[in-house]
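Undergrad: Take this sequence and fold it.
(one chain, ligands or ions: 3)
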Amino acid sequence: MIDGHGLCVQLDALARISSQADGLTRLVMSAEHRKANDLVATWMRAAGMRVHEDAIGNIIGRYEGLQPEAPALIVGSHLDSVRHAGRYDGPLGVLAAIAGVAALHQRGEKLAHAIEVIGFCDEEGTRFGATMLGSRAVAGSFDDAALALRDDEGISLAEAMQRFGLDPEALASAARRPGDCLGYLELHIEQGPVLEALGLPCAAVTAINGATRLAVTLTGTAGHAGTVPMAGRHDALCAAAACVLAVEDAALAAGLVATVGRLELRNGAINVIPGEVHFTIDLRAPQDDLRHRTLASLEAQMRHLCERRGVGLKVSKLHELAATPCAPHMIAAIDRACTGLGLEPHHLASGAGHDGMAMAALCPIGMIFLRCKGGISHHPDESITPEDACLGASLLLEVMRAPGLTSVNAASHKF
Ligand code: GLV
Ligand code: MN
Ligand code: MN
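TA: Ligands and ions are numbered 1, 2, ... in the order given. Modelled structure (predicted):
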């Protein structure tokens, strides 16, 4: 019913839409975003869906249920990528959902509920730093302050939206009403090595770790590398180096994960003392209080390190999402579908962020992880087999069809 090979051929075709030839790079509101939406829209239409692009640039296909305008189970993932990415993180969940709907359409099967497949425009936050712009807009939790964020070229999100053909003033129209959404379901590669080591293809996700992203600016005093004595310097990069190690120490001490993934030295030159450094911190934990406590003590530690060096410190929050549990009835539906397909049910927590974190403000969420080679992701070496693609998409389809999902409706979802 699901052609795993055909699904992989589509994933390969989508991966060719990239701004870089080496690895996949597809950023929100770019020419590649436009091309990807257009290609995915053709596949959605071929699968029997009515298609539109919403006010933030998500591409949405709707497959009606037995009753027109019935509440929908939303199924999907994201179409944007990190820089130098692989081809499965995100697109797998969108194209597998379309393959599931195509199978329903082919055999003329209508469900009690509608299915809406969404290709979210931005989960990674690669271009503007704030993540999940697409799913936040759908969930009604989009923070308008994000419109002022600027990319590396100084283009704001609001300007980028206009160039893409979208009206930032109309953003609120992307938000969905809770009563129209039964739940959100996503298939995603595991991005870790656990399933491969266990010899299992799939697992139900129990919860997604909470995350905070910070932008840090250190301001020292630029000066001549040959004439300013070492003792009198306010070197912003030396302060940054101490801060980066403090991030690592804080994560190790607290037993969570924290990463400085970008660091930029302004006006750097071989013979100039660094005057201004920008870097990012990404910190994640399964418990929100642990994340908050660690961030507070890390910031105090960085302040102390910078004061000692006479370097100014500014920390601003780019993004914060609480740890998000998956709904027990969605986990149970995934377990039942696994058993139905002869797969052993298994549960895993997610260390990576996913659109479900934003969608949980709107409706109950469920996630399926699919094993990937070596647990590698955010890298061109990301890999899955066509057999696993078929299994993952078949499992997704069985959960989409599960009658249990419609018996717990969105009205009973606790915010
Ligand atoms: C997205 O992949 C994230 O977890 O940063
Ligand atoms: Mn990712
Ligand atoms: Mn992803």
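Undergrad: Show me what from the stretch 1-150 of the chain comes close to ligand 1.
TA: For the stretch 1-150 of the chain, the residues in contact with ligand 1 (C-beta under 6 Å from any ligand atom) are residue 124. To be clear about C-beta, it is placed using only N, CA and C from the backbone, and glycine gets the same treatment.
Undergrad: quick one: the helices in the stretch 1-150 of the chain?
TA: Listed in chain order, the helices of the stretch 1-150 of the chain (DSSP state H, counting those that start in this stretch) span 4-15, 31-46, 91-106, 133-139.
Undergrad: likewise the stretch 301-415 of the chain?
TA: Going by DSSP H, counting those that start in this stretch, the stretch 301-415 of the chain shows helices at 328-340, 356-359, 386-400, 404-407.
Undergrad: What is the second one packed up against?
TA: Contacts defined by 3 or more C-beta pairs under 8 Å, 6 or more residues apart in numbering; DSSP states H and E place helix 356-359 against helix 133-139, strand 181-189, strand 365-370.
Undergrad: Now look at the second one and say if it contacts ligand 1.
TA: By that I understand strand 181-189. No - on the criterion C-beta under 6 Å from any ligand atom, strand 181-189 is out of touch with ligand 1, staying 9.0 Å away.
Undergrad: next helix or strand past that strand?
TA: helix 194-198 (DSSP states H and E).
Undergrad: Show me what secondary structure element comes after that next one.
TA: Heading C-terminal from helix 194-198 (DSSP H and E), you reach strand 202-208.
Undergrad: which other residues reach that following strand?
TA: Here strand 202-208 makes contact (C-beta atoms under 8 Å, 6 or more residues apart in numbering) with 190, 194-195, 286, 323-326, 330-331, 334-335, 338, 343, 345-350, 352-354, 356-357, 366-371, 391-392, 395.
Undergrad: Mind doing that once more with 6 Å?
TA: The contact list for strand 202-208 (C-beta atoms under 6 Å, 6 or more residues apart in numbering) reads 195, 324-326, 331, 334-335, 343, 346-350, 354, 357, 367-370, 395.
Undergrad: hmm, which of those are the buried ones?
TA: 195, 324, 326, 331, 334-335, 343, 346, 348-350, 354, 357, 367-370, 395 (16 or more other C-beta atoms under 10 Å).
Undergrad: Who are the contact partners of residue 139?
TA: 358, 359, 361, 362.
Undergrad: could you dump those to CSV with distance to residue 254?
TA: Converted to CSV, the contacts of residue 139 look like this (distance: C-beta to C-beta, whole Å):
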residue, distance to residue 254
358, 25
359, 28
361, 27
362, 31
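Undergrad: Can you classify residue 290 as helix, strand or coil?
TA: helix (DSSP: H, G, I helix; E, B strand; the rest coil).
Undergrad: ok, it to ligand 3 distance?
TA: Per C-beta to the ion, to the nearest Å, residue 290 is found 23 Å from ligand 3.
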